[in-house]
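K.L.:
Next comes the sequence, and after it the predicted model I'd like to discuss.
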Amino acid sequence: MTSSITTDAVVYIRGSIMKIKLLPAIIAAAGFLTVPFALAATYQSEISASYADIDSDAGADDIYAAAVEGKYYISPVDTSGHPLAEAAFLEKASNIYVTAAVQQWKDDGFHADVYERSVGIDFYVPNSLFYLGAGVREDKYQTKYSADTTNGASAITFGRSWDSEWFVKAGITPIDGLLIWSEFVEDSDISEKWNINGKYVVALTGEQALNIEASYENSDEYFPAEAWSGAVDYYIDRHLSVGGGFTHSTFENEGLNRGEDATDYFIRARNYFTDNIGVELGYVDGEHEDSLTLGASIRF
């Protein structure tokens, strides 16, 4: 649940032996009801949270991920005439945000935790087509192996303390509802790592709309790798949307990801019961892990 591709709401831990994938919220739940009235036409702050239960081929019996985000908009966001989930994007609402996330693995004699936190700003330059973003993210991890009495092995604990990196984003909004941008990360040469991302929300008839997202990343930092992703959400009305998409990654390092390309497919749904209370459900069917995600948000 982020300002960028919802999908795609993901937190990544770069350069460590573990990675958080906070997966987009997905699939529709039976009984979604839309309240036919609104409590407020504007909001200026939002709190979102998500929880994912993950089934992985890696062997851990119990894996989960959780995240929370707080966001404050510099000016009130007018939701009038917009899909509620896209109002801030369509209004080009500049904001500051903070996030925190954790992923945990548990198995017999094994326990690992990965944490990430960040603070950032999204800024749309007034009376122009330019978009800028910046922030700092930090991550750490800790792994514990219990003592094994069968072979006399002692307990082992290792990890890494908080490590930080800054990032900047730059983009353009050439037409209403369209944003194209790139993100640049500290100590990453553009010739070794670059990306291009796009998001387009187009109105259809009545309250219907489409959200289209796409992303491409090319990296030679540690080994040659590429990643593509795409998603489409159909807004049945201002409150309810259903959608899906994919993420495909290729690696030229045969020792990573079992020497295979990886493709994950997902479906997702979001419903706002009022103008300021929403829920999300999601399911990801991946090459090496599946996940079910539940999310919620409240606006003030």
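P.N.:
Everything's here; your move.
K.L.:
thought residue 187 was touching residue 165?
P.N.:
Yes: Residue 187 lies in contact with residue 165 (CB atoms under 8 Å); the separation is 7.1 Å. The way it works is simple: take the backbone N, C-alpha and C, and place the C-beta from them, glycine included.
K.L.:
Looking at the two, which is more packed in?
P.N.:
residue 165 (16 against 9; other CB atoms under 10 Å).
K.L.:
Name whatever forms a beta bridge with that one.
P.N.:
Beta-bridge pairing for residue 165 (DSSP bridges): residue 137.
K.L.:
The stretch 201-300 of the chain: strands as residue ranges?
P.N.:
Ranges of strands within the stretch 201-300 of the chain are 209-219, 225-235, 240-251, 262-274, 277-285, 289-299, based on DSSP state E, counting those that start in this stretch.
K.L.:
how big is the angle separating the fifth one from strand 289-299?
P.N.:
Strand 277-285 runs at 170 degrees relative to strand 289-299, counting by axes from the mean of the first three to the mean of the last three CA atoms, to 10 degrees.
K.L.:
Could you verify my assumption that residue 57 touches residue 289?
P.N.:
Yes: applying CB under 8 Å as the test, residue 57 and residue 289 come out as touching, 6.5 Å apart.
K.L.:
End to end on stretch 212-225, go ahead and measure it.
P.N.:
Stretch 212-225 has an end-to-end distance of 24 Å (CA to CA, to the nearest Å).
K.L.:
gap between it and the chain center?
P.N.:
16 Å (CA atoms, centre = their mean, to the nearest Å).
K.L.:
What of stretch 291-300?
P.N.:
The chain centroid and the centroid of stretch 291-300 are separated by 12 Å, computed with CA atoms, centre = their mean.
K.L.:
Any chance you could give me that stretch in PDB, C-alpha atoms only?
P.N.:
Extracted C-alpha coordinates of stretch 291-300, given in PDB (Å, rounded to 0.1, in the frame of the first residue of the first chain):
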ATOM      1  CA  SER A 291       1.000 -16.100  -0.200                       C
ATOM      2  CA  LEU A 292      -2.300 -14.900   1.100                       C
ATOM      3  CA  THR A 293      -2.400 -11.300   2.200                       C
ATOM      4  CA  LEU A 294      -5.000  -9.200   4.100                       C
ATOM      5  CA  GLY A 295      -4.700  -5.400   4.300                       C
ATOM      6  CA  ALA A 296      -6.700  -2.500   5.700                       C
ATOM      7  CA  SER A 297      -6.500   1.300   5.700                       C
ATOM      8  CA  ILE A 298      -8.200   4.200   7.400                       C
ATOM      9  CA  ARG A 299      -8.200   7.800   6.400                       C
ATOM     10  CA  PHE A 300      -8.600  11.000   8.400                       C
END
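K.L.:
And it, what's buried?
P.N.:
By neighbour count with 16 or more other CB atoms under 10 Å, stretch 291-300 contains the buried residues 291-295, 297, 299.
K.L.:
Equivalent analysis for stretch 239-248, please.
P.N.:
Within stretch 239-248, the residues scored as buried using 16+ other CB under 10 Å are 239-245, 247.
K.L.:
Mind putting these into CSV with distance to residue 267 and pLDDT?
P.N.:
Formatted as CSV, the buried residues of stretch 239-248 follow (distance: CB to CB, whole Å; pLDDT from 0 to 100):
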residue, distance to residue 267, pLDDT
239, 18, 98
240, 14, 98
241, 11, 99
242, 8, 99
243, 7, 98
244, 4, 98
245, 8, 98
247, 13, 96
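K.L.:
Closest to residue 226 out of those?
P.N.:
Of all these, residue 247 has the smallest distance to residue 226: 11.5 Å, by CB to CB.
K.L.:
measure the closest one to residue 164 for me?
P.N.:
According to CB to CB, to the nearest Å, residue 247 stands 26 Å off from residue 164.
K.L.:
again with residue 92
P.N.:
Separation of residue 92 from residue 164 (CB to CB): 29 Å.
K.L.:
Neighbour count for those two, which is higher?
P.N.:
Set side by side, residue 92 and residue 164 show more neighbours around residue 92, with 19 against 12, by other CB under 10 Å.
K.L.:
Point out where the stretch 1-150 of the chain drops to low pLDDT.
P.N.:
1-40, 58-60, 147, 149 (pLDDT under 70).
K.L.:
which stretches of it form strands?
P.N.:
42-56, 62-78, 95-107, 110-124, 130-145.
K.L.:
In a markdown table, list those along with mean neighbour count.
P.N.:
Shown next, in a markdown table, are those (neighbours: other CB atoms under 10 Å):
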| stretch | mean neighbour count |
| --- | --- |
| strand 42-56 | 18 |
| strand 62-78 | 17 |
| strand 95-107 | 18 |
| strand 110-124 | 18 |
| strand 130-145 | 17 |
